[in-house]
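>>> Pasting a predicted model and its sequence here:
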Amino acid sequence: YSTVPLQSVAKPKSLWDALFFDDRQHNADKLYHMMYGNEYAHAKKREEEEKKEKMRRRIQAVSVDRTQEASDDSRTPKE
């Protein structure tokens, strides 16, 4: 078992956060953390980074598409 404190998922601090808090996920995270320690923390951090990178790529792709559409519209001959 790991003696490193669980930092990946904290208990909610406000009533609003508590309304949307997933207790099952928190308990699962605690179990995985106790079993795998820092390896679990690194995996969770990497997972979050991958989600952010994926979202950034999606935003960038949408931006490129919109720029391309604007460019195509400006080239269309007007009557």
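Done, it's in.
>>> In whichever strand or helix holds Tyr40, which residues are buried?
Counting by DSSP states H and E, the element that carries Tyr40 is helix 38-75. The neighbour-count criterion (16 or more other Cβ atoms under 10 Å) identifies 40-41, 44 as the buried residues of helix 38-75. Where you see a C-beta, it was placed from the backbone N, CA and C, and this is true even at glycine.
>>> can I get these in a markdown table with distance to Phe20 and pLDDT?
Below are those laid out as a markdown table (distance: Cβ to Cβ, whole Å; pLDDT from 0 to 100):
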| residue | distance to Phe20 | pLDDT |
| --- | --- | --- |
| Tyr40 | 23 | 79 |
| Ala41 | 23 | 78 |
| Lys44 | 19 | 84 |
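>>> got a list of what Met55 touches?
For Met55, no contacting residues are found, by Cβ atoms under 8 Å, 6 or more residues apart in numbering.
>>> i'd like the first residue to be 570 from this point on
Renumbered: residue one is now 570, and that last one reads Met624.
>>> so what pLDDT did it get?
At Met624, the model reports a pLDDT of 92.
>>> do the same with the one 5 residues further on
The predicted local distance difference test score for Gln629 is 86.
>>> again with Ser643
68.
>>> Would you report the backbone torsion angles of Phe590?
Per-residue torsions, Phe590: phi -80, psi 130 (degrees, to the nearest 10).
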